[in-house]
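S.K.: Give me coordinates for this.
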Amino acid sequence: MTNSRFKIQKGSGSSFRRYQELVVGTRDLGFLIKYELITMLFGNFPGALGILLRKWTYPWILGRVGRGVLFGHHITLRHPRKIFIGEGVIIDDYVMLDAKGETNRGIELGEGVFIGRQSILYGKNGNIVLEKKVNVGHRCIFYSSNQLTVGEGTMVAADCYLMSGGAYDLQSPEKFCDQDGMNTKGPLSIGSNVWLGAKVVVLDGVSIGENSVIGAGAVVVEPIAKNSIAVGVPAKIIRSNPSDSPLK
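M.R.: Next up, the predicted model:
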């Protein structure tokens, strides 16, 4: 299916309609006005008062917001009614949550999730699920045109890139810029209690088993079994994580 972002890039519809498709995902004018007012008045408001104002008002435009959620300033929310946030979640400054798509469920953040500053979670008709207590460092990018799942208690260090989908067809006569860039090998799954070091890249269709450690700078192109320690480009398992490890 052609994604709405792709249609926007191709120039379909008026500028106003294209803006609605890009930002809020609905042609409901009342919702657009509410979204614009809330984000304009409170989105960049500094300090503790800003956090309090966003805590009160952002549930009016999001799909679901649990108790005790903290929103930093300069957060970007796209297709907000498809963003579901559990209790005790912290979303730091300058984060983007983009649940764009026509048939996807969107983005789900479980209880106690932390999203670090300047990180981006975005979809092209795909889903992103972060289970309870997932911790995402700053400047991470999670992309999905399929299904991206990160298991409970997993730690993701700074500058990591997780990519579920997003490939182009090398055999197509179309130029890359004329393709939608949504080809995928399958879901990307990170198990529970995994530790991804800084600048790890995990590619489309890969799974990483629970209790595993991926060393800094590794590029994961093949599945990693549970209880493994893997390093390198491409990532290779160098040993097992012992049963008495603190990660267990």
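S.K.: remind me, longest helix of the protein?
M.R.: As assigned by DSSP state H, the longest helix anywhere in the chain is helix 29-42.
S.K.: Assign the spatially most central residue of the chain to helix, strand or coil.
M.R.: The chain has L121 as the residue nearest its centroid, 2.5 Å off, counting by Cα atoms, centre = their mean. Classification of L121 by DSSP: H, G, I helix; E, B strand; the rest coil places it in strand.
S.K.: Next up, the contacts around it.
M.R.: Neighbouring residues of L121 by Cβ atoms under 8 Å, 6 or more residues apart in numbering: 95-98, 107, 115, 128, 142. From N, CA and C alone the C-beta is placed, and that goes for glycine too.
S.K.: got it, and Q179?
M.R.: Contacts of Q179 (Cβ under 8 Å, 6+ apart): 168-169, 172.
S.K.: Go again with 10 Å.
M.R.: Residues near Q179 by Cβ atoms under 10 Å, 6 or more residues apart in numbering: 6, 167-169, 172.
S.K.: name the helices or strands packed onto the longest helix of the chain?
M.R.: helix 15-23, helix 47-57, strand 76-78 (3 or more Cβ pairs under 10 Å, 6 or more residues apart in numbering; DSSP states H and E).
S.K.: hmm, back to that, quick check: chain neighbours aside, which residue is closest to the residue nearest to the centre of the chain?
M.R.: F142 (4.6 Å; Cβ to Cβ, 6 or more residues apart in numbering).
S.K.: in what helix or strand does that neighbour lie?
M.R.: Here F142 sits within strand 141-144, counting by DSSP states H and E.
S.K.: quick one: buried residues of that strand?
M.R.: Neighbour counts over strand 141-144 (16 or more other Cβ atoms under 10 Å) mark 141-144 as buried.
S.K.: chain center to it: distance?
M.R.: Between the centre of strand 141-144 and the centre of its chain there are 5 Å (Cα atoms, centre = their mean, to the nearest Å).
S.K.: After that strand, which helix or strand is next? Please name it.
M.R.: Using DSSP H and E, the first helix or strand after strand 141-144 is strand 147-150.
S.K.: hang on, T26 packs against Y19?
M.R.: No: between T26 and Y19 there is no contact under Cβ atoms under 10 Å: 11.7 Å.
S.K.: what touches both of the two?
M.R.: Common neighbours of T26 and Y19 (Cβ under 10 Å, 6+ apart) are L32.
S.K.: rewinding a little: any chance of CSV for the buried residues of strand 141-144, columns pLDDT and distance to V220?
M.R.: Putting the buried residues of strand 141-144 into CSV (pLDDT from 0 to 100; distance: Cβ to Cβ, whole Å) gives the following:
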residue, pLDDT, distance to V220
I141, 98, 15
F142, 98, 14
Y143, 96, 15
S144, 96, 16
